[in-house]
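Student: I'd like to go over a predicted model; first the sequence, then the structure.
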Amino acid sequence: MEHFLDKSHGQPGFSASVPPALRIAPGTGERIGFETSDAVYAQLHEHHDMSQLTAQINPVTGPVWVEGSMPGDALKVTIHEIRLKDYGWSVSIPGSGALQHVMGAEMFTRQIPIDADGVHVTDRHTFAPLPMIGCIGTAPAHGSNSTLMPSYPQGGNMDVTEVRPGSIVYLPVMTEGALLSIGDIHAIMAEGESSFVAIEAEGIAVVSVELVPGMALRAPRIETADEWIFVGLGEPVQESIRRGYEDLFGFLVDDLLWDRGDAYAVLSAVGHSRLGGPTGAVAPDPLHPFNAVGAVTLHRLPKSVL
């Protein structure tokens, strides 16, 4: 690891107005460690009261200025490893998630030990860790993007399980320098994060960054060893699905020069879709800040057909 940003570089949002914590040249193979913070969960565990929080909620570490990156380009972020600390958290925040009505108004918190045996979720249930990055993105051209809700074309709190070691995340560049930030590491997370909180954990995400000039994206893409995943964003959910499938179709026809009929038929056969994270695609009503508006959808194509 050639560079390391500790959690003191945590920011409450993605913004081009934040001075870069680090400047790098892309494509060198140099690795950057982003340390994330779980301070907010420790405070919730101590106080069980949102009003007593002093820590940032879901901060991202950064930003990193990528030399030569300009609007209309894309960052290619390879995730090499995620180093977990020795515990994580399970937290139920009143008013959030699919289980809010059954969990009630009382906040539930639990510290979750993490060791060589796994993630000890209960006395009877220990799971192998599947660490992933919940929040990753670049800065918008203007203003600030939230690290909570919604997800954005530049990324953000997407909560996609495949943003994990071995994967590559492609992010649109909207401002000079791109300004990459990373936060919200999870030790393990159910797909969709329906409870709005995974097994949250402090850790270090180790990545390298390349620049893809002229790769104009309208939403992030994820490449794993076996498949391509295109993120759809829209309101209502049908609009998100349409946009994700359109981007996948364009990848086949415009980038790979497939016949349009072949692309249509293959997507009809094996172009799978599912819901992504719970944060929505449109800013929520301020009176109901945890109620998602719109949807994050994921559209998947196996590499074996390419």
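Tutor: Alright, I've got the coordinates. Residues are numbered from 1 along each chain as shown.
Student: Val60 and Gly10, how far apart?
Tutor: According to C-beta to C-beta, to the nearest Å, Val60 stands 7 Å off from Gly10. Every residue, glycine included, has its C-beta placed from N, CA and C.
Student: what is in contact with the two at once?
Tutor: The contact sets of Val60 and Gly10 overlap at Thr36, Gly183 (C-beta atoms under 8 Å, 6 or more residues apart in numbering).
Student: the more surrounded of these two?
Tutor: With neighbours defined as other C-beta atoms under 10 Å, Val60 and Gly10 compare such that Val60 has more, 30 against 23.
Student: So which helix or strand of the protein has the lowest pLDDT on average?
Tutor: Every helix and strand in the chain was compared by mean pLDDT, DSSP states H and E; the lowest is helix 100-103, with a mean of 90.
Student: Same question for that one: list its buried residues.
Tutor: Using 16 or more other C-beta atoms under 10 Å as the test for burial, helix 100-103 gives Gln100, Met103.
Student: repeat for stretch 13-26
Tutor: Those buried within stretch 13-26 under the rule 16+ other C-beta under 10 Å are Gly13, Phe14, Ser15, Ala16, Val18, Pro20, Ala21, Leu22, Ile24, Pro26.
Student: Quick check: which element contains the second one?
Tutor: For Phe14, the host element (DSSP states H and E) is strand 13-15.
Student: and that strand, which strands flank it?
Tutor: strand 144-146 (antiparallel) (DSSP bridges).
Student: related to what we said a few turns ago, so what touches the least confident helix or strand of the chain?
Tutor: With C-beta under 8 Å, 6+ apart as the test, helix 100-103 has contacts from Ser92, Pro94, Gly97.
Student: could you give me the average pLDDT of the strand holding Phe14?
Tutor: For strand 13-15, mean pLDDT is 97.
Student: And it, how far out from the chain middle?
Tutor: Put simply, strand 13-15 sits 14 Å off its chain's centre (C-alpha atoms, centre = their mean, to the nearest Å).
Student: ok, the helix or strand that it is followed by: who's next to it in the sheet?
Tutor: Downstream of strand 13-15, the next assigned helix or strand under DSSP H and E is strand 22-24. Here strand 22-24 is paired, per DSSP bridges, with strand 60-66 (parallel).
Student: any idea of the mean pLDDT for the partner strand?
Tutor: 98.
Student: can you count the residues close to Gly143?
Tutor: That count, for Gly143 with other C-beta under 10 Å as the rule, works out to 11.
Student: now Glu81
Tutor: For Glu81, the neighbour count with other C-beta under 10 Å is 16.
Student: in the helix or strand containing it, what's buried?
Tutor: Here Glu81 sits within strand 74-92, counting by DSSP H and E. Buried residues in strand 74-92, counted by 16+ other C-beta under 10 Å: 74-79, 81-82, 84, 87-92.
Student: quick one: contacts for the nearest residue to Gly97 once chain neighbours are set aside?
Tutor: For Gly97, ignoring the flanking residues on the chain, the nearest one in space by C-beta to C-beta, 6 or more residues apart in numbering is Phe196 at 3.5 Å. Listed by C-beta under 8 Å, 6+ apart, the contact set of Phe196 reads Ile93, Ser96, Gly97, Ala98, Pro278, Phe290.
Student: how about CSV for these, with distance to Phe34 added?
Tutor: As requested, those are exported to CSV (distance: C-beta to C-beta, whole Å):
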residue, distance to Phe34
Ile93, 24
Ser96, 25
Gly97, 26
Ala98, 29
Pro278, 23
Phe290, 25
